[in-house]
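1. Got a sequence here, can you build the structure:
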Amino acid sequence: KPGDVSLLLMRLAEDRTVDAVVGGNFFCADIMARRSVQATLDKPGATYLLVALCFGAGPVAHGGEVRGVAPFKVRLFSSRPLAVRPVESDHQARLAAVAVAGVHNACLSLTPAPGRRFRRQIRHIGPDVTLFQITGEGAVLLLVTNE
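-> Model prediction:
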């Protein structure tokens, strides 16, 4: 089973914090394994981080194996050569923190694009409290900000 896997592509600043979310979307398990994101990597030499996130049930292996061997593949297509290095957040706590910051950034900055269903609704529910409802490809995230 493919599971609930969302993909976000982030450009990192020199200090390895999130500079911008340049692509991605929030997907649900009902959207089967054919998920794709498109982005233009417009800063030569920059470092980008492709984050695969599970907000619900993640991919499930056939024999009930642990998460590290669950069936998950990422295929990259590029018009120019890319250098790619896989990293697991279980072994890189700093990258996990960057990924969380990227999710918040994506909720506030991602926009609809051709082939990407994405919608953001903003509701002021109090004098200093704002609710952001983010709807991706079958997934809805709620982000509450305290101003």
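
2. residues touching residue 105, list them.
-> 10, 18, 20, 21 (C-beta atoms under 8 Å, 6 or more residues apart in numbering). Any C-beta I mention is one placed from the backbone N, CA and C, and that applies to glycine too.

3. meant to ask about residue 43, not that
-> With C-beta under 8 Å, 6+ apart, residue 43 has these contacts: residue 11.

4. again with residue 129
-> Applying C-beta under 8 Å, 6+ apart, the residues contacting residue 129 are 144, 145, 146, 147.

5. circling back to that earlier point, TSV please, covering the contacts of residue 105 and showing neighbour count.
-> Listed next are those as TSV, based on neighbours: other C-beta atoms under 10 Å:
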residue	neighbour count
10	26
18	22
20	18
21	23
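
6. residues near residue 111, how many?
-> Residues lying near residue 111 (other C-beta atoms under 10 Å) number 8.

7. Which of the contacts of residue 129 ranks first by neighbour count?
-> Highest neighbour count within those: residue 145, with 13 neighbours (other C-beta under 10 Å).

8. And the closest residue to residue 26 other than its chain neighbours, what's its pLDDT?
-> What sits nearest to residue 26 in space, not counting adjacent residues and going by C-beta to C-beta, 6 or more residues apart in numbering, is residue 136, at 3.1 Å. If you check residue 136, the pLDDT there is 82.

9. can you tell me which residues contact residue 136?
-> Residues in contact with residue 136 (C-beta under 8 Å, 6+ apart) are 6, 25, 26, 27, 28, 117, 118.

10. Is it possible to mark the buried ones in those?
-> 6, 25, 26, 27, 28, 118 (16 or more other C-beta atoms under 10 Å).
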